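Chemist: The following block contains a protein sequence and its predicted model.
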Amino acid sequence: MVRQKSRYLLCELNVSDRSRLLLLDDRAVREAVRATVARIHGDYGAALCSLRFSVKYLNAHTGIVFLRCPKNCYRLIWSALPFITSVENQGQKVPCFLNCLHVGGTIRTCQKFLIRYNTQQLHRMLPQCKSEEEKLQVRKAILNCSLIKRNEGGFEDEAESGEDDEE
Amino acid sequence: MSVFMDLNLRPTAERSTLQSLLDTAAHLGYSAVAINYVFEPTSKKKQEIPKPTPTSELFDKLPTVQGRSRPIRVLNRLTIVASDASHFRPSAPEFRSFDLLAIHPTSEKLFHAACMTFDVDIICVTVTEKLPFFFKRAPVSGAVERGLVFELCYVPAIRDSTTRRYTIANAVCLLESCKGRNVILSSGAEKPLELRGPYDIANLGLLFGLSEGDAKEAVSSTCRSAVLHGVHTLQVSADTRAPASCCQKPGRPPAAPSTPRDCAQAPPTRPAQTPPTSRKSPIPGQRLQTNLQPREPDPPPQ
């Protein structure tokens, strides 16, 4: 028994208007998930959430969240995610829902999936581009999406900047 | 890659909500949705069955499904909430214009009749209140043999805590009698924020007591078999009604003149998809073949 294994849930926060997404931070999301798991699964769920559960990464522009859970109870925490109806931050409630895209054993596999997913999103946005220069920007962002060793932190920014241009 | 469907979207009066609902469903990965018109006949006054607005009128442009290149497919569905068998006329001509027929029985007698004899595709299970009757093995297995599916909605569970308890209790009760087969999970959503992704719903199925393979099937291949069942019933009844002179091309079903089907949609006989992941169940098309029952004769044409 060498190391404690975890599962990383890659989720997407969907809101009705994107401007309110910028208000959220990882602490708000963590509190929301913790409260929902306690509501659905009671004290047992609340206890499980206190173990190794954390929000590893949150991107307010695209709404991507990485949640880390212990391997033996990730299904329980995952089953409570559909019941989240809003996330509260500093007194402001943002109605939203979490959509789980991928479950991975490491952050790296989730990142690989995220690149493929973002590339798909950009491909979806390409037909909706209004002007030529937007099209060029989107195409450049698609070509730039790759997992290079030195640029691991940077690839997500490139993918996001491509999506931000579409807003 | 399996095809996910959500067969219960409630339309409101506003068209923009429906459009955003459809956009969200396409973004989440649903390849087909069904717009559900609910009809509740009361014995006091005669009510008209709502006519479905053809899809070409409702939406200008159907959004593309996430991860695929096709636009989302929109079907029409009618749900009849009834407690008495006399409210349901099996071969009413208004039913022809819907792709799927569902019935929501509120009494044991109607549930038994619906499972064994009625010409429907989906049987809805109450989730908002205590079950008025218990599920017996005989009608449930009869329905499974005929190819009907049982539907569970999850949106009431998200809204309120008491309905959550009823949903889980009723779902567990249903699954005890039907062993996890022929169950679909659908939303019943009216607003786009009430929809959930297909993998999340499959996980909810685990809460209700389905096994992992059954839960994933409940969102994908069982839905598809329900749609094929509905389309097949429409074809068969159209065959018996329309005379042979209407049918020009061999191998293509004759369209009855009263069905306003959108020609831009995918044809009913879809190309063979990858078989479902569970070992137990056969390919949905095969299940359909064994369920061909002689339909009740339609009234003679005028």
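Modeler: Yes, it's here.
Chemist: quick one, phi/psi of residue A:34?
Modeler: Main-chain torsions, residue A:34, degrees, to the nearest 10: phi -60, psi -40.
Chemist: Dihedrals phi and psi, residue B:196?
Modeler: Given degrees, to the nearest 10, the pair of backbone angles that residue B:196 has is phi -130, psi 160.
Chemist: Ignoring the adjacent residues along the chain, who's closest to it?
Modeler: Excluding its sequence neighbours, the residue lying closest to residue B:196 (Cβ to Cβ, 6 or more residues apart in numbering or on different chains) is residue A:82, at 4.6 Å. Heads up, the C-betas are built off the backbone N, CA and C, glycines and all.
Chemist: Would you mind listing what in chain A touches chain B?
Modeler: A:14, A:16, A:39, A:75, A:78-79, A:81-83, A:85, A:95-101, A:120, A:124 (Cβ under 8 Å from any Cβ of the partner chain).
Chemist: Quick one, which of those are buried?
Modeler: Buried members of the residues of chain A next to chain B, scored by 16 or more other Cβ atoms under 10 Å in any protein chain shown, are A:14, A:78-79, A:81-83, A:96-101, A:124.
Chemist: Cross the residues you listed against strands and list the overlap.
Modeler: Judged by DSSP state E, the subset of those located in strands is A:14, A:96-101.
Chemist: Look up the pLDDT of residue A:104 for me, please.
Modeler: In the predicted model, residue A:104 carries a pLDDT score of 90.
Chemist: For chain B, see how far away it is.
Modeler: 13 Å (Cβ to the nearest Cβ, to the nearest Å).
Chemist: quick one: that residue and residue A:10 touch, right?
Modeler: Yes - here residue A:104 reaches residue A:10: they are 6.8 Å apart, a contact under Cβ atoms under 8 Å.
Chemist: does residue A:11 sit in a helix, a strand or a coil?
Modeler: strand (DSSP: H, G, I helix; E, B strand; the rest coil).
Chemist: Okay, and the beta partners of it?
Modeler: Per DSSP bridges, the residues bridged to residue A:11 are residue A:65, residue A:100.
Chemist: Low-confidence stretches in chain A?
Modeler: Counting by pLDDT under 70, the low-confidence segments of chain A come to A:18, A:21, A:129, A:141-167.
Chemist: And the residue of it closest to chain B?
Modeler: Going by Cβ to the nearest Cβ, chain B is nearest to residue A:99 of chain A, at 4.0 Å.
Chemist: correct me, but that residue touches residue B:201?
Modeler: No - with contact defined as Cβ under 8 Å, residue A:99 does not count as touching residue B:201 (10.5 Å).
Chemist: who's in contact with the residue of chain A closest to chain B?
Modeler: Listed by Cβ atoms under 8 Å, 6 or more residues apart in numbering or on different chains, the contact partners of residue A:99 are A:11-14, B:28, B:196-197, B:200.
Chemist: since we're on the residue nearest to it when sequence neighbours are not counted, how many residues are nearby?
Modeler: Leaving aside its chain neighbours, residue A:99 sits nearest to residue B:197 (4.0 Å; criterion: Cβ to Cβ, 6+ apart). Close neighbours of residue B:197, defined as other Cβ atoms under 10 Å in any protein chain shown, add up to 26.
Chemist: For whatever helix or strand residue B:202 lives in, output the C-alpha coordinates as CSV.
Modeler: Element membership of residue B:202, judged by DSSP states H and E, is helix B:198-208. Output of helix B:198-208 as CSV, limited to C-alpha atoms (Å, rounded to 0.1, in the frame of the first residue of the first chain):
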residue,chain,number,x,y,z
PRO,B,198,-25.9,12.3,-19.3
TYR,B,199,-23.0,10.9,-17.2
ASP,B,200,-24.4,12.6,-14.1
ILE,B,201,-27.8,11.1,-14.8
ALA,B,202,-26.3,7.7,-15.2
ASN,B,203,-24.7,8.2,-11.8
LEU,B,204,-28.1,9.2,-10.4
GLY,B,205,-29.3,5.8,-11.6
LEU,B,206,-26.9,4.2,-9.3
LEU,B,207,-28.6,6.0,-6.4
PHE,B,208,-31.9,4.5,-7.5
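Chemist: can you pull the buried residues of whichever helix or strand comes after that helix?
Modeler: Per DSSP H and E, the first helix or strand lying C-terminal to helix B:198-208 is helix B:212-219. Buried residues in helix B:212-219, counted by 16+ other Cβ under 10 Å: B:213-219.
Chemist: Residue A:104 and residue A:10: which is more packed in?
Modeler: residue A:10 (22 against 18).
Chemist: contacting residues for the nearest residue to residue B:72 once chain neighbours are set aside?
Modeler: Nearest residue to residue B:72, sequence neighbours excluded (Cβ to Cβ, 6+ apart): residue B:26, at 4.5 Å. Residue B:26 is in contact with B:62-66, B:71-72, counting by Cβ under 8 Å, 6+ apart.
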